Structures are given as C-alpha cells and as structure tokens.
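[1] Pasted the sequence and its predicted model underneath.
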Amino acid sequence: MIQTLCRVVKAAGVAVVVSLAATSLASAGVLKLVSWQKDESGVGSWWSSLISEFEASHPGTTIEWTKVDRGQYVDQMTTLFAGGQPPHIVHLASFEYQSFAENGWLENLDPWLDAAGIDRAGWAGQDTCVWNGETACIMLLYFGFIMAYNEEILAAEGLDVPTNFDEFMAAVRATTKDLNGDGIVDQYGTGHETRGGPGQYLTEMLNYVLDAGAYWTDKQGNVTMDTPEMVEGLRRWKTVITEGLSPADSSAGEIRTLFADGKIALRLDGPWLYPIIIKGAAADKIIVTAPALSPPVGGSSNVLGMASEISDEEKQLVADFIALAMSPKFQRDYAVVAHLTPPSPTADVTGAEEGTPHFALLVETQQAAAAAGVDRIPTGLEVQYNAFGKMVKEEATRMIIEDLDPAEVVKTMQAKAEAIQAQ
Amino acid sequence: MKRTLAQSIRLYLGVGVVCAILIFPIYWLFITALSTTLELKALPPTFWPDPPQWQTFAKVAEERPILLWLANSTIAAVGSVVLSMFVSVLAGYSLSRFHVRGGNSMGLFILTAKMLPATLLVIPLFSIFRSVGLIGSIWSLIIAHSTLIIPFTTWMLKGYFDTIPKELEQAAMVDGCSPLGAMVRVILPVSAPGLAATSLYAFVLSWADYAYARTFLTNSQNNWTANLGITTMRGEYVTDWNEIAAVSVFVAIPIVVIYLFLERYLVGGLTAGAEK
Amino acid sequence: MTSRFALDLARPSRRHWLGYILLAPAVILVALIIVYPLVVSLDLSFQKVGIARLDQPRKEFTLVNYKRLFSSAEFWYACWVTLKLVTVVTAVCFLIGLGTALLVNHKFKGKTVARLLVALPWAIPEVIAVVIFAWIFDSSFGLMNWILVTSGLSEKMISWFSQPVPAFSVVSVVLIWKGYPFVSIMTLAGLQSIPEDFYSAAKVDGANALQRLRYITLPVLMPVLGVTTVLVVLWVFRDFSIIKVLTDGGPVGATTTLSIMTYEQAFGFFNFGYASAVGMVTLVFCVLASLLMLGHRAKAMY
C-alpha cells in the first residue's frame, strides 16, 4: 500500500518536473567552459582572445564562460559532473584532474588529437596527463616558481636579495614592521594564503617543505610524511605563520594585490604573479628573480580536457577548441599575452621578453623544477588528492593554533595519509 | 504625561546612539565601496573617502553582469513567492475556517517542515533534479525556495485569517456569495496587509538563499543569482574589497527599498500567527 | 461549472469538501517537493553511497552511517559548537531585540524612522552581511582590529579567522546582527497590543518602570516571545550561508555546526549517505528542541 503510494507520488513528481525541465533545455550551439582564471589579468586575456577566435571560426557556436572561485573549485566541479551538467570544456588543476578521470568523466583525447593531426611529442608535462593509459587532458602550463621582491623595502633595511632560507627568513623578519608607530603591523615580510582551498595552502607550504628536502610521497607512491626533513619543513611553515610574517587569514588574491601595492617585501609565486604586479601601485619597485628556496615549487599546473557525457557533435567542437589552444599562434600568445611559459616545444617565443623582461628566468626555473623532479601531484595519492589536501591543511592549521610539535604532527599526518590512501 | 526636557534629550540620545551602532555596518559598506584600494589597505581607516570614488559603481556594473544576476534573483524570488502564496492562501484559509479531518496533522507537518535544514533537503533534491535534468536551471531554485517558503507562509496566513472575524464572510454568504466567492471578494481584500507582509517575508527568504543556488547553479554564470555572484568575487588573483562592496550595495538596494515600503505591514502580519 | 457542484459546496453539510479542495494544492506540492525528498534522504541515510543517483539500483540497507556518526568525535564536536552558537546568538538577539523594541516603543517625533532603522539589518541579505563583517574583521586591515589596538583593548592584531575563539565570535556577531531585528519586530508588534490604560493604571498605583516591565509588559509579551525564541533557535540551527561564506566551518572545525557538517559531507567529501544521516539527526534535534521549548504550547505554533 505505502509502496504503491510512494510509486504514485514519485511518478507524479517526475512528470511535473519533466514538464518544467522541457522549458529550460539549454539552447543548442553553446559550449560551457568553467574556469577560475576568468577576470584575471594576463591569462584571462589569453582565454578571451582564444574564445573570440574560436567563435569567429565556428559561426553559430558560442562559448559560455563561467568563473568559479579557486578555493571551492574541486568541490564545485565535482558537483557539476555529479549533477550531470559538466562544462563541455574542462579546465582543472593538474593535481585534481585524476579523480575526474578515474570516474570516467573525462574523454580520452587520443583519437580526437590524432584526427586533428596534433603532435604531442616534447609537450612539457604531457606525461602527467596520461591516466590509466589514456590521454585524459592536455597540459596547459608547466612552470617553476619565481621570487619577486620590493626593491625599495629591502633597500630601506639595507638588505641584499636573499639567496637561501636563512637569508630569506632574516629579510622577512626585518621587513615585517609597524611603519607609523600605532602598534599595528602595516608592512609584511612575505605573504602566504592561509584561507581558501587545500590546493593553494599546500602549494604555499611546499615552498618550505621542498627547501627542507621533504615531499609528501616518494616516486613509488609511499607516504613519506614522517621524516626529519618534513619536520623541518613544517617547523619553517609554522614559524612564518606564527610570527606573523605574513598577513593573517588572507586569500591568495589578497596577498598578490597587497604585494603589488607595496605592502609586502618578498613573494614566492608562479609566473602568473607578473601581470598582477604590473597593475599594482608599486609596479616600478618590484623585481623578479630566482627563488631563495630551492628546488623551486613547480611542475605541472593546469590542464584542459573534454567532458565524456556530451554528444559527438559537441565533442568535435571541444576538440577544435583544444586544437586551437595548442596552435602555434596561441602557444606564442601564452608567452606574450599571458606572460607564461607555453608547454609547446615548438612555440615561437621570440619577443616575449619585451612584455616579460624576466622571460628567460621563467624558462630557467621551469627547467630547474623539472630537473629536480618537482611536482605538486603526490604519486600514489592522485585520486585522493582533495581529501589528502584537506587533511594536511587541517592538521597544519591545528599545529599552528594549538602550538603542536611538528615532530608529532608529521606522525598524525603520516597515519591519516595512509588511511586516505587505503580507502 | 509630558516628558521633561532632560528625559527627552536622554531618549533622543539613546535612540540616536543605538541606531548609529546598529546601522554602522551598512554605512561602512558604502564607505568601502567609495574608497580607493589603497585607502582600504591602510590604517587608520578612512571614515570618509575624499574624493568618493563613485565610478566604482559604474565600473562593476560594466564589468560584471550584475543586472543579469539581479534579474535571476528576481525571477527565482517572484516565481517561488507566487507559487507558494497561491497554495498557502488556499491552505491557510482552509485550515483557518474548515474543520477538515487531518487538518491538525497537516499543521503539525508544516511545523516540522519549518525545522527542515536546507542542507539536509539539498541532498535528495540534488539527486532528484539530476535525474530530471533540472540542475543548472532556474526552475530548480523556484522549487527549492518553495520548500523554504511554503511552511512559513501557510502558517503566517492561517494565523492572519484567524484574526479576521467569521461574521464577515457569513454576512457575504447571506448576501448570496458562495464560500469561495466570499473568500475572494471579502476575505482577501481585508487581508491585503497580511498578504503583503507574508509575501515580503517570503521574498526575503528567497532572496537570501545561498545554499541552493551554489549547489544547483554553478555551471553557468548566466543563471547565477546575485548572492552567488558576490561570493565568487574573492578571486584567486585579485580581491578588491571596494568592488565587492559596490556589488553588494546593488544587491541590497532592491530588498531594502521593498522593506522600507512594507515595514509597517510586516509588524502586524508577522505576529498575527504568533499571538494566539 | 454549474449549479450542482457549487450548490453542494454551499450547503453546510458539504462545506468541508471545499476545505479539502482548498487544501489539496498545498498537500500535493508539499508531498512532491518536501515529503518525497525527505523520504529519499531517509533512505539514503541507510545506504553506504557516495554520489547518489536515482536511476541506479539502491544499495543494500545498512546502519553503518549512523554507527560511524555516533562514534565520531567530529560529530559530537559539531553538536557542541551548534549548542554554543544557538545559546549565545539567541540570548544576545533577545537582549538587543527587546531593548531596541522597548526603546522605539516610546512616543517621540521620528519614531517611525527609528523603527525602520532599528530593524533594517533584517532586510540585508545574509551573504552581504558576511561581506560587511568579513571586511570589518579583516585580520590585517580591518576596522575592528584598529579599534581594539588603538583603544588599548587588545595588545596586538587579532587573527580573526585562524583562531577558534575569534572565529566563533565573528560568526556570532554576524548572526546576532542579522537575527536581533526579527526579535525586535515581533516584540514591537506584541507591545502595540498592550492597551495604554494598563500602564496608566499601574502608574496611578505607583509602579516604577522596572515593575511595569516585570508585571505588565513581559507577561503580555510571553506568548509572542515563546514563538520567537523557537524561530530564532531554528534559524541559527539551520544557518548555512553565513558560516559557509565567512569561515567555511574553520578553523579546525571551530565553527562547524551540524548544518555545515551535513553540507561538507555531501558536497565536499561526496558521501551522500553519511551526509543524509547527519542531516536526519539534525532534524530530530531541531524537532526535540522546539518541543522542549514550547512544551504544551506546541499547538500554538500551528
């Protein structure tokens, strides 16, 4: 009786809702693209020009570009795929695409790229995009961190540009000051994001962890958190945050804006920092150089893919879009417009240093990161990266709040990481 | 009973100070929107920016699809308010006037429905909307907001109808009106203040939603509601508080204006249900 | 529609049919969009399921979600946080709400404007309230730190969002600012129903202001305040947007209420089954709490 009732209610519900849905079907010829890079200077312009060019060459097709906040990005993208409404063109960080590929949500790009006659040989970081033997994505950026410093602030303290961790700490401590004597710090030595998503938090920590000679896992996929090097890495991170050398509770966006406006002395960041610097109030005082901490954070950054649950017609359009992004023209623009290092080995980057004076340095740190085998993707935890990142962020925050000993914290992290890996 | 001068001064001073403190955050939102980014990144803070940066409003209106977001919020709110009010007026009237069997359990159920956490209901709704392809559509919001609104409006309207003397429609029926006619021609007109207050309350409930919008509407910027738009502005690369504040002002204005016009009904309407 | 049907309905003995007809649209809609999802949710809470899809066969019945829930420290901590938040916010909302209502209930020029202003935060969307306070409580350049440090109340800048107690305080402040106007509006309406001569009579009898509040105002307000308490408590219990946007439940769970935990499990870790279990338990708590507060007056709610 109750079952029948339930069935009737369910059928009626479906009927009503279907009739509503019929009125809201997406109009044909719209490709959806979700990205966190919309509205950003530099790389945002590269995307815009790519989209305009694609729309010009494909009359009748428009691209609807939506921004999703980086801090919530993986959760939101997973929700979209789970909700059956994935973006057609998929943009993800290279350390988070794996769980999507594992769910079968990403189309194998091999046949599409072969059909378009695109050669991926020598494409930087492309092996990272191979998942379960299939090409799940195309690497958009392979990079190395740079260090930018505010010349004026360093000069005011009589400091040289730091070249190792100890000098870096000395400079950061000396430049964190209260300038007008009201008891409030208004200039910081460095800046790190401490709120927002786990991906960025781990990237910020990784600067110190790598310099201390540690990493989350080894190349065989074993968790390697419980090591003396990791203890040292966490100790450094804890010191920088607890001593208030970085503005508290800031998002990466706030930190970058502060730095560009001359409120921060030193910032370790990827090449995407530059377009923000040149728009800031302190643009003419900031100089880009090699990072004091080594090996620099680097490796694969973000990837482009195709949703698997879309029609063949739409897949062809997405393949065209990806091919256009990989074309020599847009690979060159990646250097010239976005101030970033293009992954294509044949990209013509002559003249890039006109808009990006430190372009040679970008190539250099990219190669340094590659040579050191650095990447933000921990082998063996690829699919669980989101859960792993949340765990590390939570434990690191707890270490700072409750003033825990890093030697104990690494044990907790090791155990929890292994539990996540075993799931 | 006249107040002495001292008492008057004390009263006005008290009212002034209390209002100033409670309203200060709204003032601060305006000031933030009118400041330059450099003024915002300096202490002591600027209490009155000189010159005020009015162009920030023009800038955000030009760079972000604010009007579209506001339109989406409005569609979701109007849609869910109309749907909810339609069923609630009928149900509230029925519960108030007719001794329908099961009316009590309906009342009890509505009471429970008011306690439903949106974060619980969003889970099955997500699965249901997914299977019928409603994710990403504004309809998902209209339906989801109705789950928030119907329990409140039915309860408020029932309370309001209870305060209207039964003699009114009895008189109308003696004059030859059908029960339905009596309701439409006599009861609804005298209930106008209650209907206005209830609709306003429902509108605010819908306009304030964030949980449903962020779960169902993320994939397309063109369907975003205003609240969703604002929360995405704390960006990865740049965060400009003055721009966020300016957009917030745009989003707050419609609802504040409605509030200013309907506040006097709100006081009467809200409590009618509670006073028994 | 002719006569017979309409005539029938007009007849007193048939009138209750009209009652059912009027009730029907609401019943059907509520069944579809509230009852059915609730049943689905209850069903999910007894399955070990990640991202649930209705077009896939249901997983086997299991109690694993509830077992995990009641043995998880995280869950009990969320209960504790919720309890603290509900208590603090409700209490302060009542202090400010009652105070402001009594204040603007005086007769004076400009009281209409004062009433509008006092309840204005009610109309500000929650997300925007968060924007305002997130900036006032900004750890590096916020107004609040500046006030505290320059006035000597605090020696150093407070990191509002990376310390448990400050983060909890900021969340409370926003909830209070959004919540007190409702208490104020309800109280004001209650006050207006007290006839003026009650007070005149009390004054003649020599009752002072405090006695008048104690013996006239509060007793008359009691029923309204009872319902208002329940509504405020339920609102805090279920709040999502303020906490989600302001702190996202952090740092280390200091502001993770049951509501936030439900959402985080569903759309952060994608455990729909476990999340439904958390949500179901939250619902039971809500119902118990309201019954406890209203007692025999529960019927007054509907």
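    Looks like it came in fine. Numbering: from 1, shown residues only, chains lettered A, B, ... in the order given.
[2] backbone phi and psi for residue A:139, please?
    Dihedral angles of residue A:139 (phi, psi; degrees, to the nearest 10) stand at phi -70, psi 130.
[3] Make sure it is actually in contact with residue A:343.
    Yes - contact criterion Cβ atoms under 8 Å: residue A:139 and residue A:343 qualify, at 5.0 Å. For the C-beta atoms, the positions are set from N, CA and C on the backbone; glycine is no exception.
[4] Common neighbours of the two, please.
    Common contact partners of residue A:139 and residue A:343 (Cβ atoms under 8 Å, 6 or more residues apart in numbering or on different chains): A:123-126.
[5] does residue A:149 sit in a helix, a strand or a coil?
    Following DSSP: H, G, I helix; E, B strand; the rest coil, residue A:149 is assigned to strand.
[6] still on that earlier bit, could you dump the shared contacts of residue A:139 and residue A:343 to CSV with neighbour count, pLDDT and secondary structure?
    Below are the shared contacts of residue A:139 and residue A:343 laid out as CSV (neighbours: other Cβ atoms under 10 Å in any protein chain shown; pLDDT from 0 to 100; DSSP: H, G, I helix; E, B strand; the rest coil):
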residue, neighbour count, pLDDT, secondary structure
A:123, 20, 85, coil
A:124, 21, 84, coil
A:125, 22, 85, coil
A:126, 18, 88, helix
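[7] Which single one of those is nearest to residue C:98?
    residue A:125 (63.1 Å; Cβ to Cβ).
[8] Spit out the contact partners of that closest one.
    Applying Cβ under 8 Å, 6+ apart, the residues near residue A:125 are A:94, A:139, A:142, A:299-300, A:343.
[9] can you check residue A:362 too?
    With contact set as Cβ under 8 Å, 6+ apart, residue A:362 has these partners: A:143-144, A:146, A:271, A:340-341, A:356.
[10] distance of it from chain B?
    17 Å (Cβ to the nearest Cβ, to the nearest Å).
[11] Same question for residue C:156.
    Residue C:156 is 13 Å from chain B, by Cβ to the nearest Cβ.
[12] before we move on, what about residue C:195?
    15 Å.
[13] Run a quick neighbour tally on that residue.
    11 (other Cβ atoms under 10 Å in any protein chain shown).
[14] does residue A:315 really touch residue A:115, like I thought?
    No - assessed by Cβ under 8 Å, residue A:315 is found out of contact with residue A:115, at 10.7 Å.
[15] Tell me if the lengthiest helix in chain C is near chain A.
    Criterion DSSP state H: the longest helix present in chain C is helix C:73-104. No - against chain A, helix C:73-104 shows no contacts by Cβ under 8 Å from any Cβ of the partner chain, the least distance being 10.6 Å.
[16] buried ones in the next helix or strand after that helix?
    Once helix C:73-104 ends, the next helix or strand along the chain (criterion: DSSP states H and E) is helix C:111-118. Of the residues in helix C:111-118, C:111, C:114-118 count as buried by neighbour count, 16 or more other Cβ atoms under 10 Å in any protein chain shown.
[17] which helices and strands sit right next to the longest helix of chain C?
    In terms of contacts (3 or more Cβ pairs under 8 Å, 6 or more residues apart in numbering or on different chains; DSSP states H and E), helix C:73-104 is packed against helix B:5-34, helix C:111-118, helix C:164-192, helix C:218-238, helix C:258-267.
[18] mind running it again at 6 Å?
    helix C:111-118, helix C:164-192, helix C:218-238, helix C:258-267 (3 or more Cβ pairs under 6 Å, 6 or more residues apart in numbering or on different chains; DSSP states H and E).
[19] Return the most buried member of the ones you listed.
    Mean neighbour count (mean count of other Cβ atoms under 10 Å in any protein chain shown) peaks for helix C:258-267 among these, with a mean of 26.
[20] got the angle for it vs helix C:218-238?
    Counting by axes from the mean of the first three to the mean of the last three Cα atoms, to 10 degrees, helix C:258-267 points 20 degrees away from the direction of helix C:218-238.
[21] could I get helix C:258-267 in CSV with only the CA atoms?
    Provided in CSV are the C-alpha atoms of helix C:258-267 (Å, rounded to 0.1, in the frame of the first residue of the first chain):
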residue,chain,number,x,y,z
LEU,C,258,25.7,20.3,12.2
SER,C,259,24.3,22.1,9.2
ILE,C,260,27.7,22.9,7.8
MET,C,261,28.9,19.4,8.5
THR,C,262,25.9,18.0,6.6
TYR,C,263,26.8,20.1,3.5
GLU,C,264,30.5,19.5,3.7
GLN,C,265,30.0,15.7,3.9
ALA,C,266,27.6,15.8,0.9
PHE,C,267,29.3,18.3,-1.4
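[22] what about the helix or strand just after that helix, near chain A?
    Following helix C:258-267 in sequence order, the next helix or strand is helix C:272-294 (DSSP H and E). No - if you take Cβ under 6 Å from any Cβ of the partner chain as the test, helix C:272-294 misses chain A, and the best it gets is 9.2 Å.
[23] re the thing from before, more neighbours: residue A:315 and residue A:115, which one.
    Using other Cβ under 10 Å as the criterion, residue A:315 and residue A:115 rank with residue A:315 on top: 18 against 11.
[24] Which helix or strand contains that one?
    Taking DSSP H and E as the definition, residue A:315 sits inside helix A:312-325.
[25] List the buried residues in the next helix-or-strand element following that helix.
    The first helix or strand that comes after helix A:312-325 along the chain, using DSSP H and E, is helix A:328-336. Across helix A:328-336, burial judged by 16+ other Cβ under 10 Å covers A:330-336.
[26] Any chance of JSON lines for the residues you listed, columns distance to residue C:99 and pLDDT?
    What follows is these, written out as JSON lines (distance: Cβ to Cβ, whole Å; pLDDT from 0 to 100):
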{"residue": "A:330", "distance to residue C:99": "63", "pLDDT": "92"}
{"residue": "A:331", "distance to residue C:99": "66", "pLDDT": "91"}
{"residue": "A:332", "distance to residue C:99": "67", "pLDDT": "91"}
{"residue": "A:333", "distance to residue C:99": "62", "pLDDT": "90"}
{"residue": "A:334", "distance to residue C:99": "61", "pLDDT": "90"}
{"residue": "A:335", "distance to residue C:99": "63", "pLDDT": "88"}
{"residue": "A:336", "distance to residue C:99": "63", "pLDDT": "88"}
